[in-house]
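Chemist: test case, fold it:
(chains A and B)
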2 protein chains.
Amino acid sequence: MNNIPSVFWLIPIASVVALGMAWYFFRSMMKEEEGTERMIEIAAHVRKGAMAYLKQQYKVVGIVFAVLAIVFAFMAYGLKVQNPWVPFAFLTGGLFSGLAGFFGMKTATYASARTANGARSGLDKGLRIAFRSGAVMGLVVVGLGLLDIAIWFIVLNEVYAGEKTALITITTTMLTFGMGASTQALFARVGGGIYTKAADVGADLVGKVEANIPEDDPRNPATIADNVGDNVGDVAGMGADLYESYCGSILSTAALGATAFAMNGDMQLKAVIAPMIIAAIGIFLSLIGIFLVRTKEGATMKDLLRSLGLGTNVSAVLIAIATFAILYLLGIENWLGLSFSVISGLVAGVIIGQATEYYTSQSYKPTQKIAEASQTGPATVIIKGIGTGMISTMVPVVTISFAIMLSYLCANGFDMSLSAKSLSTGLYGIGIAAVGMLSTLGITLATDAYGPIADNAGGNAEMSGLGEAVRERTDALDALGNTTAATGKGFAIGSAALTALALLASYIEEIKIAMVRAFEGGKQYIDAAGNAFDPTQASTIDFINFFEVNLINPKVLVGAFLGAMAAFLFCGLTMGAVGRAAESMVQEVRRQFREIKGILEGKATPDYGRCVEISTRSAQREMIIPSFLAIVIPIVVGLVLGVAGVLGLLTGGLAAGFTLAVFMSNSGGAWDNAKKMIEEGNFGGKGSENHKATVVGDTVGDPFKDTSGPSLNILIKLMSMVSIVMAGLTIAFL
Amino acid sequence: MNNIPSVFWLIPIASVVALGMAWYFFRSMMKEEEGTERMIEIAAHVRKGAMAYLKQQYKVVGIVFAVLAIVFAFMAYGLKVQNPWVPFAFLTGGLFSGLAGFFGMKTATYASARTANGARSGLDKGLRIAFRSGAVMGLVVVGLGLLDIAIWFIVLNEVYAGEKTALITITTTMLTFGMGASTQALFARVGGGIYTKAADVGADLVGKVEANIPEDDPRNPATIADNVGDNVGDVAGMGADLYESYCGSILSTAALGATAFAMNGDMQLKAVIAPMIIAAIGIFLSLIGIFLVRTKEGATMKDLLRSLGLGTNVSAVLIAIATFAILYLLGIENWLGLSFSVISGLVAGVIIGQATEYYTSQSYKPTQKIAEASQTGPATVIIKGIGTGMISTMVPVVTISFAIMLSYLCANGFDMSLSAKSLSTGLYGIGIAAVGMLSTLGITLATDAYGPIADNAGGNAEMSGLGEAVRERTDALDALGNTTAATGKGFAIGSAALTALALLASYIEEIKIAMVRAFEGGKQYIDAAGNAFDPTQASTIDFINFFEVNLINPKVLVGAFLGAMAAFLFCGLTMGAVGRAAESMVQEVRRQFREIKGILEGKATPDYGRCVEISTRSAQREMIIPSFLAIVIPIVVGLVLGVAGVLGLLTGGLAAGFTLAVFMSNSGGAWDNAKKMIEEGNFGGKGSENHKATVVGDTVGDPFKDTSGPSLNILIKLMSMVSIVMAGLTIAFL
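Modeler: As a prediction, the model looks like this:
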């Protein structure tokens, strides 16, 4: 153990502090009053539905994990093409991610009634309860993520201590536990995304459009399912997504650091733990930010917004400054350049967030134009929304392109040559930029998870008949969440792209290791020119040349086509799933309106449970095929087209998937706010034909922004993860 | 001249025959009666509008051509970074493409009233007139294309006769005249696409949805503009698109052939003219097919369908057989393998066509499900349609992937190594597969151009009040066109992908030539390892390695991101353009309904001219920015990120653009037919709420399938073309 520097212990300490503070916030939230009997009853309904869903989902996921763990065990112990620790790392990655989802959602479902009750006494009270509950999710994610990383690092360090390539073996093995997180995230995002939008679309289509009753009206049988959906999709799904990005970025950066500084034992260890230290410090800075979010009694909407913004901005600025100190004190080579890599990642996140807000907020022209287009009916609303979403891809893509180039060049001293050193330090720079973006996840995820809690509080207030004033306050809390969510989304999507890129680079490292293993087992390699190829002596670029991973190789080009296709296919399948699930919901709601007399007059209680059941069943059934594809495509491409094909696939998937994700998220967000704009009384206001036209846009936007778009984040990371884990198999088939 | 083999003369002969037959079909169409005075008047309105539009468009395009020609002249004579013939080749490419559009559209606008009049006496008469008029377009395109190629080959062969690398210089110079065709096609597709959909969407939104009057009703002021749109978008736009693919595939294959067989003078010449000979023979076989499309008096719908199918299928089968004979008789090395390359291209075209039909025809489940979704309103129609379109990308992408691999491997004897010979012959195989797919363009384009003529005939019949029976016949002719168009689309999009791939390979050849020129001018190159790099001795793969065009180079990865973004941005801009243009149209139609008393009672004539003017003006204004971007993006990327960035851009753009194009075309087609299915009486039939929901889908689908989707074909080819033409500049900045 004595080769672990004492600064390392900051990492487990930070993770324990995060978990402790999460527990503290949870306890103090639980001490609040839950409100009237009706409020408690409704919250219990939602909680029961959400937990039932999670239980069902974990059952399915459990089976998938069992199967995959057996496959990995066979690869590790039977075929011997994989590190023996992989099956276990895989399982803990999945388990911890699942735990984070469970705790986060449990908190959210306990918090909604309490938030609504808090809003009865004032805006600020509501904000504090909702935000602190959101912080539970944020802190649990970073705490469990970092804990898992710290434990595995200690264990593997013990196992491989003294070996020459110990750190490379350790980091690449740990990287594969990201596969567990990815798999869990996939099901959480896809299943949760389908659930929430099936319920939402179904509830809106019959409730708002046909029966003309307001959102969250207790007469709507799908309304509980809709509220459950916010929890399983927006809380648990998003948490799992970001848990994966968080761990993935730290682990891939560590792996890249181990390679980049392989020649320099002392520096290598520092480079491996640097991303973990940045993340650890980020936890403390997030806590500072979280405590800054507090307001006086009788705070106005503007105060609240300033308060939330203050929290996230202070954390971001502090981490930027802290990075310089951390890297300097660690004594990392080129600490200044690497710090600027982190800055370029952070700035990119802010710019993407700002651009997201510009394209989706009703304060700016694009969304206003969509609302205006409602005057010529739903078709022009859709055309305008899709056009806006597609145009909105420009700023994020250009920004991320700059961030890639800058973080790469700052890290390697502006060396554009692809020499072994320049390339490896440059890629490490890209990785650490992603880590920087995600280091304050504790607070950014709090602002994100806050949204659905406020939304659910609104639902609870409406269903409990708490009156106009309370509902107005919960609406204000909800609107607040939408504004801050834009920034959060910028960081989520930007970091997913950078993480995927770092994973892509890590894939090549895994291939190296697999080849070295095979080579040492007696396998011979001959390169294109007919010379013997010795993987133990080859640099990254030598491997790239060995596999001919260039843009004239038809395998690479075909891979790129298939990658772009995978992104569209995946979206198409999830869109189709939402469509089908929503239709069953619509049929059920219509049936209840028809068969249960007195529902619409408020004299009979609808059968909420049946709708919850339908959403659960649909989501579980529908998530199978897209998830299966995301896992199978990279394996098949690897076996048929080899390493060149896989890298083509990952590049095509990343480029097309990132762009597609931005398009879908922004179109969806813009439609949502265009509708809100009309509901606020513009262009004819609520109930007008124009309003109906924007409701169509909003309904189409629901699966865009909450199912397909965010699921793409997972797809691009998961395809890389699967490739990494299967690298040994690809090489065995060579 | 004596180094040109006598078989070469088949090429100019075939082109003259094509033009002669086009003239013959045009004359015989003109001899038909045009019908009643009202019919003649309406046709004259449409013709006037279409010609006015074309004149206006050619003015704008003329300015662009003048500017670009000056730029190219400066590059050729001032900077000396380009072949001196390029400015002239560029201009003729544009001129011939423009002429083809002009003749095709003139024919179409004369044919519509005659088709309607023909339909008065019977289905078969209508079919014959419409189809033969469509054949004029098909034959003019292939005739002018091949003529331009033949003339330039003869001229340049004279100029460079005796030089060692004559054929490489000749073919790469000729390739740049494709740039003229691309530029012309861009404006034709984008401008025409915006025009036609602005008019169509505008006419539908007010006419069908608000005023409840049928399509093509003479009371609708936008109805003439709508009919003009069919001509400028679907006839002239599509013709220019395919003219470009046709020339591009032949020229890039010739250039690839010149490189592949550079070591073998005799074989080299054969490889260069082989694609031209296949195209020439294709003209004769297309003519056989065209003459096969004839029916007896009193033919049923089924007879017509069989007759049209017979024509295209016989041509396709004959060209497949003929290819074996041509390549064998030419004495091409590996003639058998190359013939199978052509077959794989042809089969891929057929499969993509079939898949297109499966996903968009009302005879199959996907479209039926969209129609069914109308029961839950327009939102689910849109969700289902988008989902279906995205899922529909799978078969085309997988098919084209197989076609790429197979045509590559058949051509190089299943050699997966990237040795100079294997790579160059393999790429030649991909090129010749595209040529095979497009060789029967004479007849496939006839079936495509037939559609809008039949559609216009229907418009004419409706506006002239020819009665139910005639209108039913023109509807049948129109429906027939939709079915055959699916196959045509398969070939168009498949060949665009293969052509773009061949162009991508040709880009590297252009880079080679530019570097050799600079090297011979005294410039020195140092490779990554610090050694002197001699471009005169380097193979393609050496260049690829020199520029580090591999998937770990951040320039390549950033290029791929930007390429994917370019596709989305371009679509977003064109969607936005249609939205804006349609809105002006809606406002104008509403104004006329309001201000011109008696329009809706049929007592006053609407001001058709004003609507034509609005569409023309909008299209001209709106096409500027997207077109500008398509030209500027590859130049900027080339100057900033160099050759590696450009190849990343082209690959990302091709993979994402192809997939996006399939998605948008198929979603649009499926919505269109889902609406037709309801209009035929399913799910409530015409006028029901379900019908209205599918009209929303159809309206959204209009710019999807007729503006943005097809424009992507051009974008992916044009970005390659621009890169090719600017190769010299990129190298000068190195």
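Chemist: pLDDT wise, what is the closest residue to chain B within the stretch 501-650 of chain A at?
Modeler: Nearest to chain B in the stretch 501-650 of chain A, going by Cβ to the nearest Cβ, is A:G572, at a distance of 2.7 Å. The way it works is simple: take the backbone N, C-alpha and C, and place the C-beta from them, glycine included. Note for A:G572: predicted pLDDT of 96.
Chemist: how about stretch A:720-734 and chain B, touching?
Modeler: No. If you take Cβ under 8 Å from any Cβ of the partner chain as the test, stretch A:720-734 misses chain B, and the best it gets is 12.3 Å.
Chemist: any idea of the mean pLDDT in that stretch?
Modeler: Computed over stretch A:720-734, the average pLDDT equals 88.
Chemist: quick check: buried residues in it?
Modeler: A:720-732 (16 or more other Cβ atoms under 10 Å in any protein chain shown).
Chemist: for stretch A:160-168, same thing?
Modeler: A:160, A:165-168.
Chemist: what's the end-to-end length of that stretch?
Modeler: 10 Å (Cα to Cα, to the nearest Å).
Chemist: same deal with stretch A:292-311?
Modeler: 5 Å.
Chemist: contacts for that stretch?
Modeler: The contact list for stretch A:292-311, computed with Cβ atoms under 8 Å, 6 or more residues apart in numbering or on different chains, reads A:122-124, A:127-128, A:131, A:289-290, A:314, A:443, A:447, A:476-477, A:479-480, A:483-484.
Chemist: cool, and stretch A:320-333?
Modeler: A:7, A:261, A:264, A:267, A:270-271, A:273-274, A:277-278, A:281, A:285, A:335-336, A:338-339, A:342-343, A:346, A:436.
Chemist: can you say which of those residues are buried?
Modeler: For those, buried by 16+ other Cβ under 10 Å: A:7, A:261, A:267, A:270-271, A:273-274, A:277-278, A:281, A:285, A:335, A:338-339, A:342-343, A:346, A:436.
Chemist: which stretches of the stretch 351-500 of chain A form helices?
Modeler: All helices of the stretch 351-500 of chain A, identified by DSSP state H, counting those that start in this stretch, fall at A:365-373, A:378-391, A:394-411, A:420-438, A:441-463, A:468-520.
Chemist: ok, now the stretch 201-350 of chain A?
Modeler: Ranges of helices within the stretch 201-350 of chain A are A:223-229, A:238-260, A:265-292, A:301-330, A:335-360, based on DSSP H, counting those that start in this stretch.
Chemist: just the C-alpha atoms of the shortest one, please, in CSV.
Modeler: In this case it means helix A:223-229. Only the C-alpha atoms of helix A:223-229 are listed here, as CSV (Å, rounded to 0.1, in the frame of the first residue of the first chain):
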residue,chain,number,x,y,z
THR,A,223,-51.9,11.3,-13.9
ILE,A,224,-50.3,9.2,-11.2
ALA,A,225,-48.4,7.3,-13.9
ASP,A,226,-47.3,10.6,-15.3
ASN,A,227,-45.9,11.7,-11.9
VAL,A,228,-44.2,8.3,-11.5
GLY,A,229,-42.7,8.8,-14.9
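Chemist: and that helix, what does it pack against?
Modeler: Applying 3 or more Cβ pairs under 8 Å, 6 or more residues apart in numbering or on different chains; DSSP states H and E, one finds that helix A:223-229 contacts helix A:37-73, helix A:177-203, helix A:441-463, helix A:608-622.
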